[in-house]
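> Next one to model:
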Amino acid sequence: MRIPLKKIWAKSIARQLMLGIALVHAVLMTVFVVDLVNREKAFFLDLSQKQAFGLAETLATNSTSWVLARDFIGMEEIIRSQSGFPSLQFAMLVDTKGQVLAYTDTEQVGKYIDDEISRTLLTAEPEPYLLVNDSGFIDTAAPIIVNKRQIGWARVGISRAGISDNIKHVTLNGLMYMLTAIIVGTVFAWFMARGLTIDIRELVSRANRLRQGEEGIDFFLEREDELGTMAQNFQELSETLLIQVDNLQR
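The predicted structure follows:
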């Protein structure tokens, strides 16, 4: 059986007040959480990109003399020194012809890069280059320059899996804050509604007693709001009715 939404909403003033405040908190906190998550995600993605470029440029600078001298042991030490960087997937040094001079996976040394993404470096301008940039991985390259002449590329790939974990953590915390705000707001609304509806019920009870003929009903409420004003109006109406009844009886 379908129950109209209006009946659910308008069942009582207390319910309207509680549902209204809960919905307002839910909407506002949802907007806040979505905005927070988007900002955090953009921040972490930008930070990881800067880190990747910084690492590639540092690797290019530190390996210049080793690449120029074709010192494979020295290049291997430079690559090994980068392996402690968090989330590093690989680091490599390649010459301008695409031959791998050093790699975190030593079995790749001496081979030539032949995948479509890597081949773009063979014709790229000698400047920092972004090869892959998605939510899970970033791949950057920086030119190795000696006396204004390019002699190779330093390339690093960094996983962004940690960013996804951070975003999940931020989202979870945001949802917890939203739930807390809804609960606190609903409880606060319940106390407000309770104080409001008690006095309304009391006014209704006194009005029924007046309708049944009981005299001397006091409608006064110790309130300064609209409900207090309405009680005062009821009091004046009650007194007016009593006067009219007395006049008729005479």
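
> Give me the residue at the spatial middle of the chain.
Note on the chain: the residue nearest the mean C-alpha position is residue 37, at 2.4 Å, using C-alpha atoms, centre = their mean.

> Report the contact partners of it.
For residue 37, the contact set (C-beta atoms under 8 Å, 6 or more residues apart in numbering) comprises 167, 170-171, 174. C-beta coordinates here come from the backbone N, C-alpha and C atoms, glycine included.

> So which of these sit within helices?
Helix and strand membership here follows DSSP state H; of these, those in helices are 167, 170-171, 174.

> Put together JSON lines for those, with distance to residue 74, pLDDT and neighbour count on each row.
Shown next, in JSON lines, are those (distance: C-beta to C-beta, whole Å; pLDDT from 0 to 100; neighbours: other C-beta atoms under 10 Å):
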{"residue": "167", "distance to residue 74": "39", "pLDDT": "82", "neighbour count": "18"}
{"residue": "170", "distance to residue 74": "42", "pLDDT": "83", "neighbour count": "17"}
{"residue": "171", "distance to residue 74": "45", "pLDDT": "85", "neighbour count": "16"}
{"residue": "174", "distance to residue 74": "48", "pLDDT": "83", "neighbour count": "19"}
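
> with those in mind, which one is nearest to residue 141?
Ranked by distance to residue 141 (C-beta to C-beta), the ones in helices among the contacts of residue 37 are led by residue 167 at 26.6 Å.

> now the closest one: how far from residue 235?
Using C-beta to C-beta, to the nearest Å, we find residue 167 at a distance of 61 Å from residue 235.

> Tell me the pLDDT of residue 185.
If you check residue 185, the pLDDT there is 81.

> How about residue 248?
Here the pLDDT value assigned to residue 248 is 62.

> Any regions of the chain where pLDDT drops low?
The chain contains residues with pLDDT under 70 at 1-12, 195, 214-216, 224, 239, 241-250.

> Domain-wise, how is it divided?
5-30+167-249, 36-164 (the TED database).

> Deepest-packed of those, please.
domain 36-164 (a mean of 16; mean count of other C-beta atoms under 10 Å).

> and the end-to-end length of that domain?
This stretch, domain 36-164, spans 14 Å end to end (C-alpha to C-alpha, to the nearest Å).

> who's in contact with residue 109?
For residue 109, the contacting residues are 72, 76, 100-103, by C-beta under 8 Å, 6+ apart.

> Can you add secondary structure and distance to residue 52 and give those residues back as JSON lines?
Output for the contacts of residue 109, formatted as JSON lines (DSSP: H, G, I helix; E, B strand; the rest coil; distance: C-beta to C-beta, whole Å):
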{"residue": "72", "secondary structure": "helix", "distance to residue 52": "25"}
{"residue": "76", "secondary structure": "helix", "distance to residue 52": "21"}
{"residue": "100", "secondary structure": "strand", "distance to residue 52": "19"}
{"residue": "101", "secondary structure": "strand", "distance to residue 52": "20"}
{"residue": "102", "secondary structure": "strand", "distance to residue 52": "18"}
{"residue": "103", "secondary structure": "strand", "distance to residue 52": "17"}
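
> Show me which of those residues is closest to residue 82.
Nearest to residue 82, judged by C-beta to C-beta, of these is residue 102 at 10.1 Å.

> Leaving out sequence neighbours, find the closest residue to that closest one.
residue 75 (3.7 Å; C-beta to C-beta, 6 or more residues apart in numbering).
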